[in-house]
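K.L.:
Need the 3D shape of this:
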Amino acid sequence: MQNGAGSAGCMFIVGGSLTVSECVIANNVASFAGGGLFIASSNPVQISNVTFTGNATASQGSAINSQGAVMTITNS
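P.N.:
Modelled structure (predicted):
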């Protein structure tokens with residue numbers, strides 16, 4: 001997945017749960033936070049077997065910026 005934006009270069013999640021698996025999140029750019037993923041949620045987030053590479057942001061979380069999520073990350 002590749003993209004660019006203000007917050008969240010690839011995915012911007014607010015208030016929902018998220019499961020990401022078996023993928024590459026690469027070369028995304030966010031001008032504020034969350035080059036790869038920006039998550040603003042208190043719901044569960046599961047990330048497994050994901051490669052983050054080449055993501056960038058000027059401020060917070062080049063790969064992941066999480067605002068309150070309960071995260072489980074394996075093999076990533």
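K.L.:
Now do stretch 69-76: everything it contacts.
P.N.:
Stretch 69-76 is contacted from outside by 18, 39-52, using CB atoms under 8 Å, 6 or more residues apart in numbering. Any C-beta I mention is one placed from the backbone N, CA and C, and that applies to glycine too.
K.L.:
Tell me which two in these are the farthest apart.
P.N.:
The span of the contacts of stretch 69-76, defined through CB to CB, is set by Ser42 and Thr51 at 26.5 Å.
K.L.:
Separate out the buried members of the contacts of stretch 69-76.
P.N.:
18, 39-41, 45, 47, 50, 52 (16 or more other CB atoms under 10 Å).
K.L.:
Remind me which helix or strand Val30 belongs to.
P.N.:
Slight slip there: residue 30 is Ala, not Val. In this structure, Ala30 is located in strand 29-33 according to DSSP states H and E.
K.L.:
For that strand, list the C-alpha coordinates in PDB.
P.N.:
These are the backbone C-alpha positions of strand 29-33, laid out as PDB (Å, rounded to 0.1, in the frame of the first residue of the first chain):
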ATOM      1  CA  VAL A  29       4.200  10.100   3.600                       C
ATOM      2  CA  ALA A  30       2.200  12.100   6.100                       C
ATOM      3  CA  SER A  31       2.900  15.800   6.800                       C
ATOM      4  CA  PHE A  32       1.800  15.500  10.500                       C
ATOM      5  CA  ALA A  33       1.600  11.900  12.000                       C
END
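K.L.:
Buried residues, it. List them.
P.N.:
Buried residues in strand 29-33, counted by 16+ other CB under 10 Å: 29-30, 32-33.
K.L.:
Tabulate those residues (TSV), appending distance to Ser62 and pLDDT.
P.N.:
Putting the buried residues of strand 29-33 into TSV (distance: CB to CB, whole Å; pLDDT from 0 to 100) gives the following:
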residue	distance to Ser62	pLDDT
Val29	9	90
Ala30	9	88
Phe32	12	82
Ala33	9	85
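K.L.:
In JSON lines: those residues, plus distance to Gly68.
P.N.:
Converted to JSON lines, these look like this (distance: CB to CB, whole Å):
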{"residue": "Val29", "distance to Gly68": "24"}
{"residue": "Ala30", "distance to Gly68": "18"}
{"residue": "Phe32", "distance to Gly68": "17"}
{"residue": "Ala33", "distance to Gly68": "13"}
